[in-house]
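Visitor: based on what follows, work out the 3D shape:
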Amino acid sequence: MNLTFEKRWYSHHEIMKLFGIKDKTWRLWLYDKKTGKKKDLNQMGIYKLPGSKYWVVNPVVFQDWFNEWIGAQ
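Guide: All right, here's what the predicted structure looks like:
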């Protein structure tokens, strides 16, 4: 799956819509099942804005991670 993106950061809602990801799946990807703590989200291209509650997604890094996760070429 190769999408083209504008040169900007996206919200997680936009990424979920573009990739067809359900809310429950998104939460399972973000949190460790055993500890309940957030995983290392930088590998997925997800970053927290300092001093706020907002998270942004680098779509190119996320797309690379997603393609690797689903085994796409």
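Visitor: please save the CA atoms from the element among helices and strands of the chain having the smallest mean pLDDT in PDB.
Guide: The helix or strand of the chain with the poorest confidence is helix 23-30; it has a mean of 87 (mean pLDDT, DSSP states H and E). Provided in PDB are the C-alpha atoms of helix 23-30 (Å, rounded to 0.1, in the frame of the first residue of the first chain):
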ATOM      1  CA  ASP A  23     -10.200   2.500  17.000                       C
ATOM      2  CA  LYS A  24      -9.800  -0.700  18.900                       C
ATOM      3  CA  THR A  25      -7.000  -1.900  16.600                       C
ATOM      4  CA  TRP A  26      -5.200   1.500  17.000                       C
ATOM      5  CA  ARG A  27      -5.300   1.200  20.800                       C
ATOM      6  CA  LEU A  28      -4.000  -2.300  20.700                       C
ATOM      7  CA  TRP A  29      -1.000  -1.200  18.600                       C
ATOM      8  CA  LEU A  30      -0.200   1.700  21.000                       C
END
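Visitor: gap between that helix and the chain center?
Guide: Offset of helix 23-30 from its chain centre (Cα atoms, centre = their mean, to the nearest Å): 10 Å.
Visitor: next: stretch 40-56.
Guide: Relative to its parent chain, stretch 40-56 has a centroid offset of 9 Å by Cα atoms, centre = their mean.
Visitor: quick one: mean pLDDT over that stretch.
Guide: For stretch 40-56, mean pLDDT rounds to 90.
Visitor: please renumber the chain so that the first residue is 791 from this point on.
Guide: From this message on, residue numbering opens at 791, which makes the last subject stretch 830-846.
Visitor: give the buried residues for it.
Guide: By neighbour count on 16 or more other Cβ atoms under 10 Å, the buried set for stretch 830-846 is 834-836, 846. C-beta: built from backbone N, CA, C; applies to glycine.
Visitor: which other residues reach that stretch?
Guide: 799-802, 819-820, 847-852, 854-855 (Cβ atoms under 8 Å, 6 or more residues apart in numbering).
Visitor: residues in contact with stretch 792-811?
Guide: 791, 812-813, 816, 836, 845-850, 852-853, 856-857.
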